[in-house]
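> My questions are about this predicted structure, shown below with the sequence.
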Amino acid sequence: MKQRFSSLDVKVIAHELSQTLCPLRVTNIYDLSSRIFLIKFHKPDHREQLIIDSGFRCHLTSYARTTAAAPSGFVARLRKYLKTRRVTSISQVGTDRIIEVQFSDGLYRLYLEFYAGGNIVLTDGDLKVLALLRNVDEGADHERLRIGLEYNLSLKQNYGGVPALTKDRVREGLLKAVSKQQEPAAAGKKSKKQAKDALRKALAVSITECPPLLVDHAFHVANFDSSLKPEEVLAKEPLLDELLVALKKAREISETITDADPIKGYILAKSNPALQKAAPDTDAPSDKSILLYDDFHPFRPEQLASSDYTFIEFDGFNKAVDEFFSSIEGQKLESRLHERELLAKKKLDQAYQEHANRIGSLQQVQELNFRKAEAILANVHRVTEAIAAVNGLVKQGMDWGDIARLIEREQNQGNPVAQLIRLPLKLYENTVTLLLDDTTWDQEQVEEEGYDTSSVSEVSDDEESDQKPSKRAASTPVPVASTLAIDIDLGLSAWANSTEYFEQRRTAAGKEERTVQASEKALKSAERKVQEDLKKGLKQEKNVLRPVRKQQWFEKFVYFISSDGYLVFGGKDAQQNEILYRRYLRKGDVYVHADLKGAVPMIIKNNPNTPDAPIPPSTLSQAGHLSVSTSEAWDSKAVMSAWWVNSDQVSKTGPAGEYLAVGMFNITGKKEFLPPAQLIVGLGVIFEISEESKAQHRKHRIDNPAMAMAVETTDLDRNRQGGSLTADSDSDDGFPDAKIRSESDEEFPDAKLGGETDESDAGSAATEHANPLQSTAATAAESSEDEVDKIIMPTLKSLELSSKDAPDEVESPAHSAQTQDSKAARRHLSARERRLLRKGQLPSSTPTSSDTLSIAHAAEEANAFIDQDQAKGSTKGPRTVISQASKAEGGRPLPRGKRSKAKKLAAKYADQDEEDRALAMHLLGSQTGQKAAEASAQAKRDKEAEAQANKQRRREQHLRAQAVGKAAEEARRAAHEGNFLDDEGVDDETLKAQLQGLDAFTGRPLPGDEILSAIPVCAPWSALSSYKYKVKLQPGAVKRGKAVKEILARWNAAGKNPKVLDKHSRDVERIWPREIDLIMGWKESEVVGTLPVSKVRVMISDGSSGGGGGGAKGKNKSARGGRGSKRK
């Protein structure tokens, strides 16, 4: 059986890996064993798994494997350098069995060696070793390899290029082989074996670019005799020319094998002799189990075409290698698991056998005691005579030895009483052993004779002649009557001895009954222990290889298929909500949300062929139920309502025209509220069926497009004057704009209530501005740019603030007018203003030219964004301007003593200028502090300049993002109205194909369906009404992972129950083997990810609960008395 890659295999697999993995990034690296590793790669909507068996193989795999619980040191180093790195190149090193994988344009290189002991080496761009699987000492053919040394590629096979294939090169290689053979070597059989393949081995050493099997293939194609010896080829020039032609053919195959697309892979298999010996009445095994894989190649070897091998062709050499090694690995895993199960079954059989032996021995004791008692009663006179005879001899004082000799003499003389006694006597126990005939044997013989006579009497005269010879033949062996050796107590009578044996039988019967009861408990305990040991052993063993299920495009979101067949999905975070809005929200779709923290906005995809058809109320209700269940209402167990709007009522543009942050949407028009949602969801299973099986499953929304087109919607003229923002609660911290609306609502709670009533009441248009204070506050908090300019500019003129010191909050005009004078009086003056006041000049007001106004108006939104960002990390209140001059001069006046001292110093140094002062300070050595102060002041100025530059950069970045977002929103709006595709959306044809593919998913397969895969889904309980596998979930105290484990364990146990399992897959209500196999192939983390709710309570159909105490409460209530009863 082939186990290693050849150089040609390495070349082909490197070519296929380069085509598949080059654009992908490394997701993670795992240990499968001490020398087998798994590397996962990914890019959007595409994942791959690479298996590396050091020294043997590497290939992409489509099977899931169990990884180690913790990474090894080598894998940890690989993760450190390669995680999230992009694969840029995969190639073969020369013609050697080494693959080079480059990451990040050669920043890191991974070398996979498939010769000798194999190795995996990670280097940097300069080939310095960063990590390696095993250290290598210096040898004849290789250098010393350690971490920190350089990985030398110059020694690899044909690294500088493959030399030309000429006659001189072939002749030189053959001459070397001949000279090597002529050296002294071991004679005998070994030399004969070497002589048989001498030519091929000689070429394998010299022509290294062609593997030996490829050379044999070329020999058969060119009809060249491969059994010739090297010296025979060298002796004849024509043979050398023919050999050169064959080698060129092999060289051509090696060079052009990667030109085909795809490269064919071939597995050579033999018939399985074990299955050929199996009984013919057994179930027919699959084609794969009939064959045993033996070899694999990227071409079809001609030398094996006439052999008994079966060639299995694959579209891709990687697929052939994966099938070859995965099948062998799967067979090994299955055999180990089977051995574990057989060992457990053997232990149980031993326990049952011990129990049966124990019960059987007790029954034998009962039967023997009964037979002894019956024999004593049948021979009571003889037993009495024997007891009397032995007791008489003992009373005469005769020696016990003499008594034994006397009895022996009487037996020889034919005394019937003496013949009943068995020697030696047990007079020390006051007992003797008597040999009595078994009466039960006599009764059985009488019964059999009676049965024979009765049967003979019924036989006719014609049959008597036929039966007489057979009866005579059967009656020839004469049965011998059995005797029993019975111990008789000499101190008791014969009747008393019989009663003693009856008592012993009764005692044994009671012991048997007690043993049976104890053995049942012991067997249950032994069975439980064996099952626990089996589970523990199965956990230690790896799971059977299962194909990796390809995830559907909607599984990355929160999703379910409604009872009417509509796809409903929502984002798991703000980013996914943004993706759903940009790519999938189209005309005719419905947006469902709830005004609750944490609620997931849901999108109901309408039939793209009939976008104007209304969504059924049941689908709207189910989407609202799931949206409410994902919010904080689940934990608080509060029954709330959701609402829905059409897709054209959702936008990313706010009321003031700004582009909203990620995860925030503006809702215009009226919201349609749904009935209160029940906090009940379910975990179910959706099965994907084949195209041929779709004919048995029909959906109303697909089969009746004409009926759906006939329905006209009447909600096109909705009132869209008011607007509200809905946002994902998780995105508020990362995007400050998301908090603008929420902060204004908290400051003006009346305005928030008023806004809600405007949206909920249909006829409230006339009373929208009933309260002027509320409307002013609300409009001020959400004012447009022109209104903000009208409010801010008078305040700027009065307070003489620059545009960069604009207030962070926007106030109402009335409030700003009331507090204008007081703020001006309290405001600190800047250093420039104080200098102007000392000179007797009034500080000039801020420029109010039209240019300044336009700049402030254009940058108002960016200023608010930056000021809010700075206000988060600042401990000072808003509008507080503290300069260095105000800190120095704004303090209290000096005390009287210090004032006089300051006056004296001023008078003393009045004539000293700055130059003199600096010279004096230098002489005194006091400039160190001054320089330090100047350095700190300069550092502070640099820091302020850097902060200002960062603020400006963030402002520009925010403005660019706003511009890009507005342009994308305009394009999406135009595409929504004009029915053409924008840049970020999904193609209409692709989306239609995806939605039409929903017919392949059903919750209840029918007989004859071909089931392809099973998908876990969490949906409202009403949407799972027709599902075969479903479990009800309510708010509880059990974590999601524990609940999923419990559910999967229940389904697994049900699949092993023969009463519930339908092996023929015909009963729709019973479990089918294919279904339970697909479900057991799930990973727990995969199922947990589908649950959008937090802690749950599992409600199984049999009434049991996993909610942690729910069942106990019900028992207490039922145990209570009826009406009027009291419990103290």
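Received, thanks.
> all contacts plus neighbour counts: C-alpha atoms, from now on.
Fine.
> which of the residues in stretch 253-264 are buried?
For stretch 253-264, a neighbour-count test (16 or more other Cα atoms under 10 Å) marks I253, S254, I257, T258, I263, K264 as buried.
> Stretch 490-502 now?
So, applying 16+ other Cα under 10 Å, buried residues of stretch 490-502: L490, S493, A494, N497, S498, T499, E500, Y501, F502.
> mind putting those residues in JSON lines, distance to I207 included?
Below are the buried residues of stretch 490-502 laid out as JSON lines (distance: Cα to Cα, whole Å):
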{"residue": "L490", "distance to I207": "103"}
{"residue": "S493", "distance to I207": "106"}
{"residue": "A494", "distance to I207": "104"}
{"residue": "N497", "distance to I207": "100"}
{"residue": "S498", "distance to I207": "99"}
{"residue": "T499", "distance to I207": "100"}
{"residue": "E500", "distance to I207": "97"}
{"residue": "Y501", "distance to I207": "94"}
{"residue": "F502", "distance to I207": "95"}
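> now these as JSON lines including secondary structure, pLDDT and distance to I1100?
Shown next, in JSON lines, are the buried residues of stretch 490-502 (DSSP: H, G, I helix; E, B strand; the rest coil; pLDDT from 0 to 100; distance: Cα to Cα, whole Å):
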{"residue": "L490", "secondary structure": "coil", "pLDDT": "85", "distance to I1100": "71"}
{"residue": "S493", "secondary structure": "coil", "pLDDT": "89", "distance to I1100": "70"}
{"residue": "A494", "secondary structure": "helix", "pLDDT": "86", "distance to I1100": "68"}
{"residue": "N497", "secondary structure": "helix", "pLDDT": "88", "distance to I1100": "64"}
{"residue": "S498", "secondary structure": "helix", "pLDDT": "86", "distance to I1100": "62"}
{"residue": "T499", "secondary structure": "helix", "pLDDT": "90", "distance to I1100": "60"}
{"residue": "E500", "secondary structure": "helix", "pLDDT": "89", "distance to I1100": "59"}
{"residue": "Y501", "secondary structure": "helix", "pLDDT": "88", "distance to I1100": "58"}
{"residue": "F502", "secondary structure": "helix", "pLDDT": "89", "distance to I1100": "56"}
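> Identify all contacting residues around the helix or strand containing D487.
Element membership of D487, judged by DSSP states H and E, is strand 483-489. The contact list for strand 483-489 (Cα atoms under 8 Å, 6 or more residues apart in numbering) reads 372, 375, 430-438, 494, 497.
> Mind telling me the two of those farthest from one another?
N430 and D438 (23.8 Å; Cα to Cα).
> More neighbours: the two, which one.
Comparing N430 with D438 by other Cα atoms under 10 Å, the one with more neighbours is D438, at 19 against 13.
> Contacts only, for that one.
Taking Cα under 8 Å, 6+ apart, we find D438 in contact with R371, K372, A375, A481, S482, T483, L484.
> just the residues you listed now: which is nearest E691?
R371 (75.3 Å).
> Let me know the pLDDT of the closest one.
pLDDT for R371: 87.
> Ok, the one 3 residues further on next?
According to the per-residue confidence, E374 scores 87 in pLDDT.
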